[in-house]
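Peer 1: Got a predicted structure here, sequence first:
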Amino acid sequence: IRSSPAWRHKENLLASVPGVGKIISRTLMAELPELGQLDRRTIAALCGLAPFTRQSGRWRGNSMIAGGRPEPRAALFIGALVAARHNPVFKAFTNRLIEAGKPKRVALIACARKLLTILNAIIRDNKPWQTA
């Protein structure tokens, strides 16, 4: 199956981020066609990466992620694992959260949400990944 030039362009834009390869970019494009069209909070909720706080009256529970589409969430989690190890921006972000006392899984979910936000902005602005 041949893909259109627009599809390949989006795929290359997403794959420009260290930690995101062809499989992750294709999964996100297929399972999350809204990428680049929604704001960061809405897209995070759509993927199930938005934290929801459980509380009632004086009782306060933990924040947790829930709902959303499982395929893009799984792809973003794998991308966050790779990015936290090989991408200097995400590595510093994840290490800072872990040093602040966050559990490793919570830090990786935060990294996945940050990755989704960046990918959303890349598609929205039609600009590849740039290190600051």
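Peer 2: Done, it's in.
Peer 1: those strands in this protein, which residues are they?
Peer 2: 51-56, 59-65 (DSSP state E).
Peer 1: Which one of these lies nearest to Leu28?
Peer 2: strand 59-65 (17.2 Å; CB to CB). (Glycine included, C-beta is placed from N, CA and C.)
Peer 1: Only the buried residues of the closest one, if you could.
Peer 2: Buried positions in strand 59-65, judged by neighbour count with 16 or more other CB atoms under 10 Å: Ile65.
Peer 1: So what angle separates the directions of it and strand 51-56?
Peer 2: If you take axes from the mean of the first three to the mean of the last three CA atoms, to 10 degrees, strand 59-65 sits at 160 degrees to strand 51-56.
Peer 1: which residues touch the most centrally placed residue in the chain?
Peer 2: Note on the chain: the residue nearest the mean C-alpha position is Leu116, at 2.6 Å, using CA atoms, centre = their mean. Contacts for Leu116 (CB atoms under 8 Å, 6 or more residues apart in numbering) come out as 40, 43-44, 47, 49, 72, 76.
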